[in-house]
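1. Following is a predicted model, sequence given first.
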Amino acid sequence: MRKLARFIHPMLAKVRPEPFDDPAWIFETKWDGNRAIAEVGGDRVRFYSRNGLSLLELYPPIVGELRGIRRPMVLDGEVVALNRKGRPEFQLLQNIASHPRATLVYFVFDLLELYGRDVRDLPLIERKRLLRHTLKDGPHVRYCGHVAGAGGSYFERMGREGYEGMMAKRANSIYRDGTRSGDWLKVKHQLSEEMVIGGYTAPKGHRDHFGALLLGRFADGQLHYAGRVGTGFDRDSLADLHARMGPLVRSTSPFDGHVLGQEHITWLAPRLVCNVKFTEWTQDGELRHPVFLGLRFDKAAREVRQ
């Protein structure tokens with residue numbers, strides 16, 4: 001994927017551990033996918049990730065539908081792959097070529113520009129009203145709705161229906177490019193984190209390519225070790241990951257400090273980012289029972305911080 005010279009850095013959310021009710025806030029589904037900005041309605045469509053990588057060749061069904069939008073708009077949303085139950089599944093999205101029956105959908109939750117007018121300074125609830133009035137739902141591009149005020153019951157409903165969690169957004173907030181703002185909050189049912197891959201162990205038994213990935217996060221400019229993940233892979237993801245890690249092999253550890261079993265590890269330049277789910281953090285700052293979900297191409301390694 002090529003990186004665009006000019007692109008919008010999307011607004012980001014902070015984490016809140018508990019749901020809440022507040023009439024000044026709205027609540028949306030937290031989609032388990034990849035963030036994307038779409039610029040549509042002109043001579044050409046631009047569709048790219050949060051770090052400016054073009055997505056035009058990656059998601060053809062979505063791009064085809066975006067090309068049919070005639071009104072000039074700039075949209076913010078998330079690309080997800082829906083399983084047979086209609087639920088988003090991150091691993092499906094990462095291996096979409098192997099799952100042709102999975103449905104790709106771009107869920108649009110914000111409007112940044114309309115007919116050439118910048119609307120980012122309008123209150124969120126007004127931007128969503130304009131978006132709902134302007135965007136026509138299709139098989140692969142859909143409006144992301146919300147509920148007002150009742151975050152507690154909405155969070156419970158998301159859990160019952162198998163979603164990752166919810167987004168809480170202040171209804172009168174403006175859109176702040178590239179800012180991680182307390183006006184947007186993510187509340188999760190399960191623990192999940194982005195992690196930087198700093199190495200891998202040798203395969204054992206019948207497994208090919210590698211055994212486990214060594215994970216870390218940056219703090220004060222240094223990569224701090226956060227444990228290993230050895231589950232969640234299938235044959236295709238093992239082969240794909242091994243191929244991607246090949247050019248990143250280096251002779252020294254990228255981690256700040258000693259890692260046990262260093263003599264059996266292949267070290268990597270810390271550039272690949274993955275998503276994992278886990279049960280808890282240990283007292284030593286490591287992941288307990290992590291499971292690999294997939295690579296993230298919409299986030300730079302240096303953004304993954306403690």
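-> Cool, the structure landed.

2. Could you use CA atoms for every contact and neighbour count after this?
-> OK.

3. pLDDT weak spots in the protein?
-> Along the chain, the parts satisfying pLDDT under 70 run over 1, 5, 262-263.

4. if we go to 80?
-> 1-5, 42-43, 91, 94-101, 190-191, 205-206, 260-263, 279-280, 283, 306 (pLDDT under 80).

5. any chance you could map the helices in the chain?
-> Assigned by DSSP state H, the chain shows helices spanning 60-67, 90-94, 124-134, 151-160, 235-245.

6. I'd like these as JSON lines, with distance to residue 180 and mean neighbour count appended.
-> Formatted as JSON lines, the helices of the chain follow (distance: least, Cα to Cα, whole Å; neighbours: other Cα atoms under 10 Å):
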{"stretch": "helix 60-67", "distance to residue 180": "27", "mean neighbour count": "17"}
{"stretch": "helix 90-94", "distance to residue 180": "23", "mean neighbour count": "22"}
{"stretch": "helix 124-134", "distance to residue 180": "16", "mean neighbour count": "18"}
{"stretch": "helix 151-160", "distance to residue 180": "21", "mean neighbour count": "17"}
{"stretch": "helix 235-245", "distance to residue 180": "29", "mean neighbour count": "14"}
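
7. Figure out which of the ones you listed is closest to residue 22.
-> Distance to residue 22, taken as Cα to Cα, is lowest for helix 151-160 among the helices of the chain, at 7.3 Å.

8. related to what we said a few turns ago, I'd like the helices of the chain laid out as TSV, including distance to residue 224.
-> Formatted as TSV, those follow (distance: least, Cα to Cα, whole Å):
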stretch	distance to residue 224
helix 60-67	38
helix 90-94	25
helix 124-134	37
helix 151-160	32
helix 235-245	19
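
9. Bridge partners for the residue positioned nearest the centre of the chain, pull those for me.
-> Among the residues of the chain, residue 34 comes closest to the average C-alpha position under Cα atoms, centre = their mean, at 4.0 Å. Note on residue 34: beta-bridge partners by DSSP bridges are residue 79.

10. try residue 194
-> Note on residue 194: beta-bridge partners by DSSP bridges are residue 275.

11. Now residue 192: closest residue in space, sequence neighbours ignored.
-> Excluding the flanking residues, the one nearest residue 192 by Cα to Cα, 6 or more residues apart in numbering is residue 277, at 4.1 Å.

12. go on, residue 223?
-> Going by Cα to Cα, 6+ apart, residue 223 has residue 255 as its nearest residue, at 4.9 Å.

13. What is the burial count for that neighbour?
-> Neighbourhood size, residue 255 [other Cα atoms under 10 Å]: 23.

14. ok, it touching residue 198?
-> Yes: counting by Cα atoms under 8 Å, residue 255 does reach residue 198; the two are 7.1 Å apart.

15. between those two, what contacts are shared?
-> Shared contacts of residue 255 and residue 198, defined by Cα atoms under 8 Å, 6 or more residues apart in numbering, are found at residue 216.

16. In contact with residue 62, which residues?
-> Counted by Cα under 8 Å, 6+ apart, residue 62 has contacts 104, 105, 106, 140, 141.

17. ignore the last one, residue 20
-> 150, 151, 152.

18. at 7 Å instead, please
-> Contacts here follow Cα atoms under 7 Å, 6 or more residues apart in numbering; on that basis residue 20 touches 151, 152.

19. That one and residue 153: what is the separation?
-> Separation of residue 20 from residue 153 (Cα to Cα, to the nearest Å) stands at 9 Å.

20. so who does the residue nearest to the centre of the chain touch?
-> 78, 79, 80, 298.
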